[in-house]
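K.L.:
Need coordinates for the following:
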Amino acid sequence: MALYRFRVTFEDYDDVTREIDVKSNQTFEDLHRAIHQSTGYNPEYSSSFYISNDQWTKGEEITFMPNQRRIDRGVALMGKVKLSSYIDDPHQKFYYTFNFDRPFDFHVELLKIILDEKPGTTYPLVVKSVGEAPKQFGNVFNPTVLPPTTEDFDFLNEMAFNPEDAEDFSEVTDTEELPEEKGVSGHDEEEEEDEFSNEFSDDENFDDDDRSHRGGSSDDY
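P.N.:
Here you go, the predicted model:
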């Protein structure tokens, strides 16, 4: 029995690859399950293979666990379609979407056809695994839920307020005001010095007037 060796890569994580050998008479569902045996995902989700060209354009669909719309369209089921039915090219490609609700997309490419299977080997068989697959639902946005705010919300407690920090802050504030106080004090001292100098200046004028008055008196005598 001939074997198909497929290389499977994530469309968005091309550093994660798997190589899987599948018998030519096995089905697309067998390949579907083998892929998720290699990724660790739960395979029980609606998924589809699409016959693809070299540009990974989606063609005919082969589905697993179809919704009603696919059933009405008569889409082929993975469990009923053998891989050999759609291998027309030595490098046949399939575009594969796993889990339509929260999808991962894959590129599946036929690497080579092996003419003889190994006796006693169970297929499908993962023959090469490179890179760790992302978490199955890791591509879903999970916003962070913030705790609800209430009227009793204690801002200081929530901010781990420490009264000692306030004391330290006040001390720093007082220290910062010292230069301004010095400036005021220095200004007052200058004003006091000006007052004293004015008084001395007045005294000197007074002495001159007194001496002239006394001189005038002596002239009268």
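K.L.:
Do a quick rundown of the helices in this structure.
P.N.:
Taking DSSP state H as the test, the helices found in the chain are 28-39, 68-73, 155-158, 163-220.
K.L.:
avg pLDDT for the first one?
P.N.:
For helix 28-39, mean pLDDT rounds to 97.
K.L.:
So which elements touch it?
P.N.:
Applying 3 or more CB pairs under 8 Å, 6 or more residues apart in numbering; DSSP states H and E, one finds that helix 28-39 makes contact with strand 3-10, strand 17-23, strand 47-52, strand 58-64, strand 93-98, strand 104-114, strand 125-130. Quick note: C-beta positions are derived from backbone N, CA and C, even for glycine.
K.L.:
which residues are contacting that helix?
P.N.:
Here helix 28-39 makes contact (CB atoms under 8 Å, 6 or more residues apart in numbering) with 6, 8, 18, 20, 22-23, 42-43, 47, 49, 62, 64, 77-79, 81, 83, 96, 98, 106, 108, 124-126, 129, 133, 136.
K.L.:
Domain boundaries for the chain, per the record?
P.N.:
When the chain is parsed with automatic domain parsing, its domains come out as 3-130, 155-220.
K.L.:
between those, which gets the lowest average pLDDT?
P.N.:
Among the domains of the chain, domain 155-220 carries the lowest mean pLDDT, a mean of 48.
K.L.:
Tyr95 - how many residues pack around it?
P.N.:
Residues lying near Tyr95 (other CB atoms under 10 Å) number 20.
K.L.:
Hmm, it is touching Glu61, no?
P.N.:
No: Tyr95 lies out of contact with Glu61 (CB atoms under 8 Å); the separation is 9.6 Å.
K.L.:
Which neighbours do these two have in common?
P.N.:
Here Tyr95 and Glu61 share the contacting residues 49-50, scored by CB under 8 Å, 6+ apart.
K.L.:
ok, back up a step: please pick the buried ones from the contacts of helix 28-39.
P.N.:
6, 8, 18, 20, 22-23, 43, 47, 49, 62, 64, 77-78, 81, 83, 96, 98, 106, 108, 124-125, 133, 136 (16 or more other CB atoms under 10 Å).
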